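Visitor: sequence first, then the predicted structure:
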Amino acid sequence: MKQNGPYAEIIVDLTARRTDRVFHYAVPADLKDRVKPGSRVLVPFGGRRLAGYVVGFGFPERDVKVREIAGIIDEEPVLTGDLPEIARWMAESYLCSTAEAFGRIIAPRLAVKATREVKLLRPAFPDDKLQEVLSGLKHAPKQAAVLREALRGAGLTRKELAAAAQTSPATVDALVKAGLLEAKAVPPSGLPGGGSAAGSGMMPLLNPDQDKAVKEIAQAVAGGGFGAFLLYGVTGSGKTEVYLRAIASALAAGRQAVTLVPEISLTPQMIGLFRERFGALVAVLHSALAPGERYREWRRIKEGQAPVVLGTRSAVFAPMPGPGLFIIDEEHEPTYKQDDHIRYHAREVALKRAQLAGAVVVLGSATPSLESWLRAGRGGPYRLLRLPHRVDERPLPKVCVVDLRQEMKEGNRGIFSRALTSAVFERLGKGEQTLLFLNRRGYSTIVMCRECGLVLKCVRCDISLSYHLDGLLRCHYCNYTTDLPGLCPRCASRYIRHFGAGTQRVEEEARRTFPGARIMRMDSDSTSRKGSHERIFSAFRQGEADILIGTQMIAKGLDLPGITLVGVINADTTLHMPDFRAAERTFQLLTQVAGRTGRGELHGEVLVQTYCPEHYSITTASIHDCEGFYRSEMPVRRALGYPPYSHLARLLFTHDDEEELKKGAGLAKEILDKIVTEHDDLIDVLGPAPAPLSKIKGRFRWQLVVKGPRRGLLRDVIKESLEELQKLRPAFKPAINVDINPQGIL
Ligand code: ADP
Ligand code: ZN
Ligand code: ZN
């Protein structure tokens, strides 16, 4: 940023206008020392006062009337180090304005000036009293769980502790009241003295695979240049320990390390582990923190007091003075992609920051994304590190695939196959727990033959066709339509129809099939009330039910040791999503479900019901064969020109008048086609077609899918078309939203 010249160069936050023009403002005398590059200020603009970001100092090119900065918003610059550069890169990469990118980057900080204290809870009794205390809590298992969590770490807040023990904050309060937990106030600028900076966690001896991975990463970190690793390790292979050692190597090099986890619900366990190892050096950033807490953490990071940062997606913007390491756990998770407003991918931002800072990126996963897998292949930019064995040598659970077509043939048209039914009865008999997992209900209706498993697909896009209210089957990418066949075109069965049962129906049928069993259900209906999610989990954990029925949310990050059977009710809902990532998602989901089973002392079993038992995403997941999956899926992606062999963008058009919308989307298509032929005919413009969710809150949604081998060109073409369309307003009516490399297209 330019530092010379009397006028501040400011990007004004003109929401909704995609302009990056820099305006010059004079700095009033009383602000001279405080307005710096990276400061957020208030400026007069038109008749209003708007926020703006100081990007440098200089002179206007022409003689213009320069106005004065009206005030300063933060007491210190908010955009420091590499962050201004990252904002410019985001504006380029994701087609937003630089001001929008600035806003996104500082969002985790929030404009809070008050710096309230934060209270961390610790056990209030000596270690040797533990057994006594726990036996006193025999009839309060939830409180015992909270105490156990509190004992593990170097202090969690009330909310964090409740989340870690999967109970409500009221349970924590009860322990405080009983004098078993005490709250220590922590000043905004750090944890109290005495909290050892090194932490006190015991370090296990690394196994040879971990050791090799740690050595390679540590060497790269010490080298001080950019480097990227894909840490591919089966579930339970000890990736977290590798992260912890890698972080220690960054600290030894005098740099900071950021670790991202995909979901808030996963952070409490991680926070405990991190605080055990790194004590007061840890800062936590996620959206559930209170504004005061978030601000405290942001300050500690910026000032270098907390060089170990742990957080969810937006923590990738943490203001470290000298980042040396970025770790992304479960790098394949779609939650790393922001799915509204600026659609950035945290993995891409981390890679960019690492390039700017000369830092190392570690992407960890048991089921790496195809993008990362390709880059870790021969000649690719990532180095591949493998952890092929589970730490405890416990075998991965047995996965059985149940062919639902066979059930149909033999007259069973119910939700549960005979195999699943008898497996559940077996668990009920032994007093063990079962989890019945229903993939998220298809947001569009899939038509499938229940006798042969056929799903009609678009011949051009290889995307499952979905059934629409107009009675037609439609491809959401290219808008190919066809009539709903009366008989299956493959086997002539009459049983070709849309399908998919909700959790409620599964619950009803489970109650009929397993009379007397204690059944719980968890889905967005039954868990809309805040906290009921944790209540259901902890009740199940305490053994208050035999069967838990739920959707996606029960598949993630949960160690429920009493579960010895997982039934996947229908793998096909994910497998036939109208999205090119459907097979990948199915594979990841099944692998994840399997990885979570049998983590306790008991061995686990997974039963997967499907009408497509021969599909490679199911056969490979059933034998935990990740590489086998890539061998089948990669050629499909390559043949059809989908990522990772190309880049794909979705242009979403919305309007409350469907005719205007169709007209607008059609016009956009024409403009895009014209620009594409001028540039490069390798770019494909598909559609317009209704989006899978074709109407939300009274607004209709249509889309164009644009794909091409080169990301830069794809972006330029889209940018040019957006500018053309902008010129046609107000005659051109729809709102447009661009998503480059979306994780899903709804
Ligand atoms: P992943 O993240 O790869 O699924 P985790 O990091 O959760 O696996 O590790 C699984 C378990 O193994 C954890 O309980 C962890 O503490 C333990 N563990 C990791 N490394 C070692 C080691 N070298 N020796 C003993 N236990 C280990
Ligand atoms: Zn058929
Ligand atoms: Zn199509």
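Guide: Received, thanks. Note that the coordinates shown come from a computational prediction; the quantities given were computed from them, not determined experimentally. Ligands and ions are numbered 1, 2, ... in the order given.
Visitor: give me every residue in this protein lying close to ligand 3.
Guide: Proximity of the chain to ligand 3, by CB under 5 Å from the ion, involves residues 458, 460-461, 475, 477-478, 480. (Glycine included, C-beta is placed from N, CA and C.)
Visitor: residue 60 contacts residue 6, doesn't it?
Guide: No: with contacts counted by CB atoms under 8 Å, residue 60 stays clear of residue 6, the gap being 10.6 Å.
Visitor: of those two, who's got more company?
Guide: residue 60 (15 against 11; other CB atoms under 10 Å).
Visitor: show me the shaky parts of the stretch 551-700 of the chain.
Guide: For the stretch 551-700 of the chain, the stretches flagged by pLDDT under 70 are 552-560, 596-602, 680.
Visitor: what about the helices in it?
Guide: Using DSSP state H, counting those that start in this stretch, the helices of the stretch 551-700 of the chain run over residues 572-575, 582-595, 616-622, 626-640, 658-679.
Visitor: right, so of those helices, which gets closest to ligand 1?
Guide: helix 582-595 (7.1 Å; CB to the nearest ligand atom).
Visitor: does ligand 1 sit close to that closest one?
Guide: No: judged by CB under 6 Å from any ligand atom, helix 582-595 stays clear of ligand 1, getting no closer than 7.1 Å.
Visitor: now do that helix and helix 626-640, the angle between them.
Guide: Per axes from the mean of the first three to the mean of the last three CA atoms, to 10 degrees, the angle that helix 582-595 makes with helix 626-640 is 170 degrees.
Visitor: starting at the chain centroid, how far to helix 582-595?
Guide: Mean C-alpha position of helix 582-595 versus that of the full chain (CA atoms, centre = their mean, to the nearest Å) differs by 15 Å.
Visitor: what's the neighbour count on residue 73?
Guide: If you count neighbours by other CB under 10 Å, residue 73 ends up with 14.
Visitor: that one and residue 38 touch, don't they?
Guide: No: applying CB under 8 Å, one finds residue 73 not in contact with residue 38, separated by 11.9 Å.
Visitor: need the pLDDT of the spatially most central residue of the chain.
Guide: For the chain, the residue nearest the mean C-alpha position is residue 335 (1.4 Å; CA atoms, centre = their mean). pLDDT, residue 335: 90.
Visitor: which residues touch the closest residue to residue 333 other than its chain neighbours?
Guide: Distance criterion CB to CB, 6 or more residues apart in numbering; nearest residue to residue 333, sequence neighbours excluded, is residue 262 at 3.8 Å. By CB atoms under 8 Å, 6 or more residues apart in numbering, residue 262 lies in contact with 312-313, 329-330, 333, 335-336.
Visitor: ok, residue 262 to residue 237 distance?
Guide: The gap separating residue 262 from residue 237 is 18 Å, by CB to CB, to the nearest Å.
Visitor: strands of the stretch 251-400 of the chain, residue ranges please.
Guide: Remark: strands assigned in the stretch 251-400 of the chain by DSSP state E, counting those that start in this stretch are 256-260, 282-285, 308-311, 323-329, 360-365, 383-387, 398-403.
Visitor: average pLDDT for the longest one?
Guide: Translated: strand 323-329. For strand 323-329, the per-residue pLDDT averages 97.
Visitor: so which elements touch it?
Guide: Identification of packing neighbours for strand 323-329 by 3 or more CB pairs under 8 Å, 6 or more residues apart in numbering; DSSP states H and E yields helix 208-223, helix 239-252, strand 256-260, helix 346-357, strand 360-365.
Visitor: that strand near ligand 1 at all?
Guide: No: using CB under 6 Å from any ligand atom, we find that strand 323-329 stays clear of ligand 1, coming within 7.4 Å at best.
Visitor: average pLDDT for the helix or strand residue 162 falls within, rounded please.
Guide: In the assignment (DSSP states H and E), residue 162 maps to helix 158-164. Averaged over helix 158-164, pLDDT sits at 74.
Visitor: gap between the following helix or strand past it and the chain center?
Guide: Note on helix 158-164: by DSSP H and E, the next helix or strand toward the C-terminus is helix 169-177. Taking CA atoms, centre = their mean, one finds helix 169-177 lying 31 Å from the centre of the chain it belongs to.
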